[in-house]
Structures are given as structure tokens and as C-alpha cells.
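Engineer: Next one to model:
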Amino acid sequence: MAFAPTDWGDFDPEEYEVGAPATALHFERWFRNVVAAMQGADGAPVNAYAWHPYDMNTIGDGADGAIYDFATDGVQSTVTSPDFEDGFEYRFIFDGQGAAGDVSGGVRLSLYRETSAGYSGPVELAPSALSSRNFGILEMQSMRRALQSHVVVSTVSSVALTTGQGSATAGAFYYTHTTAQKILRARFDFLSADFGSGRIIMQRRLAL
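Structural biologist: Coordinates of the predicted model:
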């Protein structure tokens, strides 16, 4: 039996036992698995050095990284990320994120300082006008390193629903701390409003 390059083949436990025969089929499967993993075949482990949903273990396992989805979560006053893990860096994708009632106000970000045991002051990512949605990517660098400051790179922008168009301007800002420390999690909210539409997707990759 031959395996197509995009097929991921699992091994039975007894095939790993000491003294188990190594057949031509096993060698082909090992080779094909390398190709399948590089191609992102269903069942293959994720490439940890590439951006992937934070909760995904294997390709096709159904994890999408969504930490907020209005369709299932409804109106929320704040959205808090799962805790960050050592060795990874993170990014968040905003997919039509808007305030309940289409009130004015861009989505804001606060970071939890692990040593200080408290959140930073919120930073508004994209000031938005009435009837607009927030889109774009927010990348957080070196959050799990004990540093005096942490950099956030943002392309988040607001798109007016009346035109369906907007512009994303790349920008970076940083949070400084009185004591070098790690960041444990992120929290999002709106100024004087609740979350009322869209999704926030959390991804991660191994930090080099």
C-alpha cells in the first residue's frame, strides 16, 4: 500500500516495540509523514514555528483559536485571553469586531504584568466612528521574556460599514514597566461599550 504525500499515517503502538520488524511500508510511511507534516495534512502535528491557533494540536482537529465569537458568546463587556506560555509569541486577528449598539469607540488592549500582578492602562488600538468594525492583526513580541518593556505591533483599523472600505496603517507601541517582568495575558474591551459583533482569534508560534 502506497501513501500519498498529503496523507498522514499513524503508527500502532506495537510497531514501536523493541524488536518489531522495520518493513518497507514503515520506511515509506516515515518518509511520507515528513512530507505530510510540511504540507499541513489532516492529522499531522502543527508546525510550532508557524502561526497556528493557540489551541490546535494536530491539523484538522477543529481548533480555530477563537477566544470570542459573537455568534456563540453574545454581548460581553471584556474579552480575556488564555494565559501565555513560555517559549511562544502571540498574535490576535480581529474579524469584524464591533461595539454593541454600534456606538463609537475602538477596541482597547491591556496587558497583565505578571510580577506586578495587575493590568496596564488600556491602549485604544483603532479609534472608530459610529457603525464601524475593527479588523486587522495585533502581534505581541517576547511577552514571555522578563523585560523592562514589551513591544506590540498593530495593523488594526476601523472600517465604516457604510463604505465597506478602510485602511490599515502598521504601527508599533510599547509598554514599559518599573520592574523587568513577563506578560501573562491580554485583555480587550471598548471604551463605554460592550463587544457586540465579530470574532477575536488567538494564534501563537515558537519564539526563536
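
Engineer: which other helices and strands contact the helix of greatest length in the chain?
Structural biologist: Determined from DSSP state H, the single longest helix within the chain is helix 24-39. Applying 3 or more C-beta pairs under 8 Å, 6 or more residues apart in numbering; DSSP states H and E, we find helix 24-39 packed against no helix or strand. For glycine as for every other residue, the C-beta is placed from the backbone atoms N, C-alpha and C.

Engineer: Next, the buried residues of it.
Structural biologist: In terms of neighbour count (16 or more other C-beta atoms under 10 Å), helix 24-39 has its buried residues at 29, 32-33, 35-37.

Engineer: and which of those residues is nearest to residue 200?
Structural biologist: Nearest to residue 200, judged by C-beta to C-beta, of those is residue 37 at 28.4 Å.

Engineer: residues in contact with the residue lying closest to that closest one once chain neighbours are set aside?
Structural biologist: Once flanking residues are discounted, residue 37 sits nearest to residue 44: 4.4 Å by C-beta to C-beta, 6 or more residues apart in numbering. By C-beta atoms under 8 Å, 6 or more residues apart in numbering, the residues touching residue 44 are 8, 33, 36-37, 58-59.

Engineer: Other residues contacting stretch 182-190?
Structural biologist: 68, 77-84, 90, 92, 99, 103, 105-115, 119, 122, 140, 143-147, 150, 175, 195, 200.

Engineer: Report the buried members of those.
Structural biologist: Buried among the contacts of stretch 182-190 (16+ other C-beta under 10 Å): 68, 79-81, 84, 90, 92, 99, 103, 105-114, 122, 140, 143-144, 147, 150, 175, 195, 200.

Engineer: among the residues you listed, which are in strands?
Structural biologist: 68, 79-80, 90, 92, 99, 107-113, 140, 147, 150, 175, 195, 200 (DSSP state E).

Engineer: can you pull out the helices in the protein?
Structural biologist: Using DSSP H, the helices of the chain run over 24-39, 70-73.

Engineer: burial measure for the residue nearest to residue 53 when sequence neighbours are not counted, as a count.
Structural biologist: Leaving aside its sequence neighbours, residue 53 sits nearest to residue 65 (C-beta to C-beta, 6+ apart; 3.0 Å). Counted with other C-beta atoms under 10 Å, the neighbours of residue 65 add up to 20.

Engineer: Could you verify my assumption that residue 65 touches residue 81?
Structural biologist: No: in this structure residue 65 lies outside contact range of residue 81 using C-beta atoms under 8 Å: 10.4 Å.

Engineer: any shared contact partners between these two?
Structural biologist: Contact criterion C-beta under 8 Å, 6+ apart; residues shared by residue 65 and residue 81: residue 202.

Engineer: for stretch 145-160, what is the average pLDDT?
Structural biologist: Averaging pLDDT along stretch 145-160 yields 90.

Engineer: Next: stretch 111-129.
Structural biologist: 89.
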